[in-house]
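# I'd like to go over a predicted model; first the sequence, then the structure.
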Amino acid sequence: MLNKIICIFAALSFLFILSSTGVAAKSNPKVIMKTTKGDITIELFPEKAPITVQNFLSYVDEGFYDGLIFHRVIKGFMIQGGGYTSELHKKSSKPPIKNEAGNGLSNKRGTIAMARTMDINSATCQFFINHIDNLGLDHKDNTPEGFGYCVFGKVIEGLDVIDAIADVKTMTRRGMQNVPRETVEIISVRRLE
């Protein structure tokens, strides 16, 4: 019994030393996305998607997303934003990044993933948040049809906001389908320290 107590005390002492010296495990970065429908807090996964998280945070740090909109909303599927102004003018982006969809993360409800064209490595600034589990968007193989969409984070607060955005009525506008009739603006996206 005494040995057990000594082992527990030693383990607790070790953890205390680690935390007091700043060697404790580093937490994942988080961002807060303020929208006209409410705030969404997102945890990012740099260990699983380092290129994608770095790319997203570079846009965040530049204030790139401020004032853009959710331009494509499909209830029971996903909400997409990060590329268009309220007048549906496409904002210029940085060069495309490598698709990290084969990282083991799944397009489950509340996860954030990179939007792209049929070209596997075409993601730039646009993202989508899954409204439901969309396992059909996961990486299956290395073909264009099976490569999937890279998940790089998840909503940890604000799923009700995702639902509210998904509930908006949509229309076709300037040749684009599923555009919200009521503008849903991304007021800002900032890192949470």
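Done, it's in.
# Next, count neighbours for the nearest residue to Pro29 once chain neighbours are set aside.
Spatial nearest neighbour of Pro29, excluding adjacent residues (C-beta to C-beta, 6 or more residues apart in numbering): Leu44 at 4.9 Å. C-beta: built from backbone N, CA, C; applies to glycine. Using other C-beta atoms under 10 Å, Leu44 has 22 neighbouring residues.
# what residue ranges in this protein score low on pLDDT?
For the chain, applying pLDDT under 70 flags the ranges 1-25.
# and if we set it to 80?
Within the chain, the stretches with pLDDT under 80 are 1-26.
# didn't Glu157 look like it was pressed against Asp39?
Yes. Here Glu157 lies in contact with Asp39, judged by C-beta atoms under 8 Å, at a distance of 7.4 Å.
# thinking again about what came up before, quick one: contacts for the residue nearest to Pro29?
Asn28, Pro29, Lys30, Val31, Val53, Phe56, Leu57, Phe152, Gly153 (C-beta atoms under 8 Å, 6 or more residues apart in numbering).
# Please state the backbone phi and psi of the residue nearest the centre of the chain?
Central residue of the chain (C-alpha atoms, centre = their mean): Ile112, 3.1 Å from the mean position. Dihedral pair for Ile112: phi -110, psi 140, per degrees, to the nearest 10.
# check which helix or strand covers the closest residue to it other than its chain neighbours.
Excluding the flanking residues, the one nearest Ile112 by C-beta to C-beta, 6+ apart is Gly153, at 4.6 Å. Per DSSP states H and E, Gly153 falls inside strand 151-157.
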